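S.K.: Requesting a structural model of the entry that follows:
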Amino acid sequence: MRYLLLIFLIFCIYIFYEGLKKDPKIIPSNLIYKKIPDFYIKGYDNSEFSVQDLQNKNVKIVNFFASWCPPCRIEHEQLKDLSQTVDLFGVAKKNKMIDLSLWLGELGNPYKRIGMDYQGLTSIEWGVYGLPETFVIDKDGIIKYRHVGPIMKRDLSKIKNIIESLR
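M.R.: Sure, this is the predicted structure:
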């Protein structure tokens, strides 16, 4: 019985140790190196916003955010920086139009277009589990990189390098 308990204890320590090696910011995505999911939602400007808006032959970024999301506020300056070099599209998850208008009025609008994901279904299709999440998409509509959490100043050079390598 003692040997069985010792083996179980060693096994638990091993599992715990292996778990400590993993970076919690790295979350696997089934969409990396695949085409962007098909979607159709209302745009912030009351027009249609769909996968066709992302089909141009440029490298682009899709950022899932919300005005009620504190980390989204933190990353907003970095998004304004990125929007100077690449087309930036936003998807506002479970956001009210008036709240989003006030938020963009206060912070500025770095987005080329914004889609309103009122029910959060488009976010689910993209595999978004929390906000903010950002995707870098190549010229052919293939997702090449996923950034989970707010983009901080320290992340800008990595993301800009990825964008530059895809051009």
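S.K.: Give me the spatial nearest neighbour of residue 96, chain neighbours excluded.
M.R.: Nearest residue to residue 96 in three dimensions, chain neighbours excluded: residue 67, at 7.9 Å (Cβ to Cβ, 6 or more residues apart in numbering). In this view, the C-beta of every residue, glycine as well, is placed from N, C-alpha and C.
S.K.: Residue 7 versus the one you found, what's the distance?
M.R.: Per Cβ to Cβ, to the nearest Å, residue 67 is found 53 Å from residue 7.
S.K.: what comes into contact with the helix or strand harbouring residue 80?
M.R.: Counting by DSSP states H and E, the element that carries residue 80 is helix 70-82. Outside helix 70-82, the residues that touch it by Cβ atoms under 8 Å, 6 or more residues apart in numbering are 61, 63, 65-66, 88, 107-108, 110-111, 131-132, 149-153, 155-156, 159-160, 163.
S.K.: State the distance from the residue nearest to residue 57 when sequence neighbours are not counted to residue 65.
M.R.: Closest residue to residue 57 apart from its sequence neighbours, by Cβ to Cβ, 6+ apart: residue 139 at 5.0 Å. Counting by Cβ to Cβ, the gap from residue 139 to residue 65 is 24 Å.
S.K.: Surely the residue nearest to residue 57 is within a helix?
M.R.: No. Using DSSP: H, G, I helix; E, B strand; the rest coil, the secondary structure at residue 139 is coil, not a helix.
S.K.: which helices and strands does the helix or strand in which residue 106 is found pack with?
M.R.: Take DSSP H and E as the rule and residue 106 turns out to sit in helix 97-107. When contacts are defined as 3 or more Cβ pairs under 8 Å, 6 or more residues apart in numbering; DSSP states H and E, helix 97-107 packs onto strand 113-117.
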